[in-house]
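Q: Task: produce atomic coordinates for the following.
(one chain, ligands or ions: 2)
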Amino acid sequence: MIDRRGFLRSGTVGLAALGVAPQLLPAEEQKAAPPPEPPRAPAPARRTLGRTGITLPVVSMGVMNADNPSLVRAALDGGIVHFDTAHGYQRGRNEEMLGEVFKTVKRDSFTVATKVVPPGADRSTGLFGPETKAEPFVEMFHLSLKRLQTDHVDILLLHNATRREGVLFEPILKAMQRLKKEGKARFIGVSTHGNEPEVIRAAVESKVLDVVLTAYNFRQAHHAEVLTACREASRAGLGIVAMKTQAGGRFSKDNPKPVNMKAALKWALQDPCVTTAIPGFTTFDQLAEDLVVLKDLQLTDAERLDLAGATKSAGLYCQQCETCVPQCPRGLPIPDLMRGYMYAAGYRNLLHAKDLVESLSLAEAPCSSCTGCSVHCVQGFEVRPRIEELLSLRRVQDAFLA
Ligand code: SF4
Ligand code: SF4
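A: Numbers count the residues shown, from 1 in each chain. Ligands and ions are numbered 1, 2, ... in the order given. Predicted coordinates for the structure are as follows:
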């Protein structure tokens, strides 16, 4: 394990990482030696984010699970410039932590995206009703700006859209356009990790959204559809950012071995439609791994094999396909619950998992009235034990989870 100082010293930043740092010579030889050839390091791969014109390194930082400002500074030192957060992450502390870093660096040295869920969204349908108004959404966004210690974000996203109607919901769409006009959000878009093709196409249909942040990984059963929708969006000028590239992070709750994160990240970046990906690294070692990808996107045969092997286990990544929902007599929001389980077991972000659970307003023991579970998950998850384990988080005080 390395810290920021070790990370810098290790030479992962810059040329030494590439094995091209000039050799140290005794003083006399240094005098006599001709000046070394300028090292030729591969430039970090950069791509343009659709019609926004913003060019970004292909690897960015998904900040959701991180709470260490030194890690963010190390990411900046290592060449990462784009940071993805959300109003709700760590109950606002995630944006505050970023704000503490951002106030110490030039505003044009980074780009930041934040996401806001409009109050009143119906989680089970993905739709908004008359109780969803623009004002609270705008107020939440202004609070995000304050926490981030900036007068504008580069991208404001409508968070966690799952339906076309949700994306095209006029009060929120118009509010986002107003914020863009006022210069508080340079560009606007939508994030999605369920029913992605419909959401991506709705973003195109809106004609005003500039960016899509979508789940995109080697485990997605419906990946071909996601890919087709991304291509359509890209042709229409939208920028595509990939998330959940590491598909749950781990094989299971009890298996400490992570999915080959480097391979999974490279896999997503093989698609030129994807401008950048936002892996959620939380340690300096993981950052160092991701920075290697920034300079070498080539998937090796061994990495391809690793990914193929990973798809053979059920893993932690829920496809959000909703096949299970009608099979459950209680109509439980199983896709949300399985996503919460992934946050807890895969990302080890227990507080975020608990926040998600509490937003679902479930009964004390919703599975207790069933003698057996009638759900057959397409991914092979045993959903009942996962639900029961996840819901036990409600009995744990926040202080023990943060
Ligand atoms: S739990 Fe299984 S069936 Fe249900 S949404 Fe997730 S992957 Fe699909
Ligand atoms: S045990 Fe299965 S079928 Fe019953 S409520 Fe829980 S998830 Fe639904």
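
Q: residue contacts, the closest residue to Lys354 other than its chain neighbours?
A: Closest residue to Lys354 apart from its sequence neighbours, by Cβ to Cβ, 6 or more residues apart in numbering: Leu393 at 4.5 Å. (C-beta placed from N, C-alpha, C; glycine too.) By Cβ atoms under 8 Å, 6 or more residues apart in numbering, Leu393 lies in contact with 344, 350, 353-354, 357, 401.

Q: Can you give the domain ranges for the protein?
A: Here the domain parsing of the chain from automatic domain parsing is 46-310, 325-401.

Q: picking up where we left off before, do you know how far the residue nearest to Lys354 is from Trp267?
A: To Trp267, Leu393 is 31 Å away according to Cβ to Cβ, to the nearest Å.

Q: need the residues of this structure near ligand 2, please.
A: 328-330, 332, 366-367, 370, 373-375, 383-384, 387 (Cβ under 6 Å from any ligand atom).

Q: Now, those that are in helices?
A: 383-384, 387 (DSSP state H).

Q: who wins for most neighbours among the residues you listed?
A: In terms of neighbour count, Ile387 stands highest of those at 25 neighbours, by other Cβ atoms under 10 Å.

Q: What helix or strand is the residue lying closest to that residue once chain neighbours are set aside located in?
A: The shortest distance from Ile387 to any non-neighbouring residue, by Cβ to Cβ, 6+ apart, is to Leu337 (5.3 Å). When elements are assigned from DSSP states H and E, Leu337 belongs to helix 334-341.

Q: before we move on, back to that, closest one of the ones in helices among the residues of the chain next to ligand 2 to Leu49?
A: Val383 (36.9 Å; Cβ to Cβ).

Q: hang on, isn't the closest one packed against Val375?
A: Yes. With contact taken as Cβ atoms under 8 Å, Val383 and Val375 are classed as touching, separated by 5.0 Å.

Q: need the contact list for the residue of the stretch 1-150 of the chain found nearest ligand 2.
A: Nearest residue of the stretch 1-150 of the chain to ligand 2: Ser124, at 13.8 Å (Cβ to the nearest ligand atom). Taking Cβ under 8 Å, 6+ apart, we find Ser124 in contact with 331, 333.

Q: Let me know the secondary structure of it.
A: Judged by DSSP: H, G, I helix; E, B strand; the rest coil, the three-state class of Ser124 is coil.

Q: Can you give me the distance of it to ligand 1?
A: Going from Ser124 to ligand 1 by Cβ to the nearest ligand atom, to the nearest Å gives 13 Å.

Q: Regarding Ala113, which helix or strand does it belong to?
A: Using DSSP H and E, Ala113 falls in strand 111-116.

Q: same check, this time on Val241
A: Going by DSSP H and E, Val241 is in strand 239-243.

Q: Could you identify the helix or strand that succeeds that strand?
A: Downstream of strand 239-243, the first helix or strand assigned by DSSP H and E is helix 261-269.

Q: so what does that following helix touch, helix or strand wise?
A: strand 274-277, helix 284-295, helix 301-310 (3 or more Cβ pairs under 8 Å, 6 or more residues apart in numbering; DSSP states H and E).

Q: do that again at 10 Å, thanks
A: With contacts taken as 3 or more Cβ pairs under 10 Å, 6 or more residues apart in numbering; DSSP states H and E, helix 261-269 sits against strand 239-243, strand 274-277, helix 284-295, helix 301-310.

Q: and the angle for it with helix 301-310?
A: 90 degrees (axes from the mean of the first three to the mean of the last three Cα atoms, to 10 degrees).

Q: Extract the CA atoms of helix 261-269 and return them as PDB.
A: Extracted in PDB, the C-alpha atoms of helix 261-269 (Å, rounded to 0.1, in the frame of the first residue of the first chain):
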ATOM      1  CA  MET A 261      -9.700  -3.600 -12.700                       C
ATOM      2  CA  LYS A 262      -7.100  -2.600 -15.300                       C
ATOM      3  CA  ALA A 263      -8.500  -5.100 -17.800                       C
ATOM      4  CA  ALA A 264     -12.100  -4.000 -17.200                       C
ATOM      5  CA  LEU A 265     -11.200  -0.400 -17.600                       C
ATOM      6  CA  LYS A 266      -9.300  -1.000 -20.800                       C
ATOM      7  CA  TRP A 267     -12.200  -3.100 -22.100                       C
ATOM      8  CA  ALA A 268     -14.600  -0.200 -21.900                       C
ATOM      9  CA  LEU A 269     -12.100   2.200 -23.400                       C
END
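
Q: From the chain's centroid, how far away is that helix?
A: Relative to its chain's centre, helix 261-269 lies at 13 Å (Cα atoms, centre = their mean, to the nearest Å).

Q: mean confidence for it?
A: On average, the pLDDT along helix 261-269 is 93.

Q: Show me which residues of that helix are buried.
A: Across helix 261-269, burial judged by 16 or more other Cβ atoms under 10 Å covers 261-269.

Q: ok, now how distant is the nearest residue to Ser374 once chain neighbours are set aside from Tyr341?
A: Excluding the flanking residues, the one nearest Ser374 by Cβ to Cβ, 6+ apart is Gln327, at 5.5 Å. Computed as Cβ to Cβ, the Gln327 to Tyr341 distance reads 18 Å.
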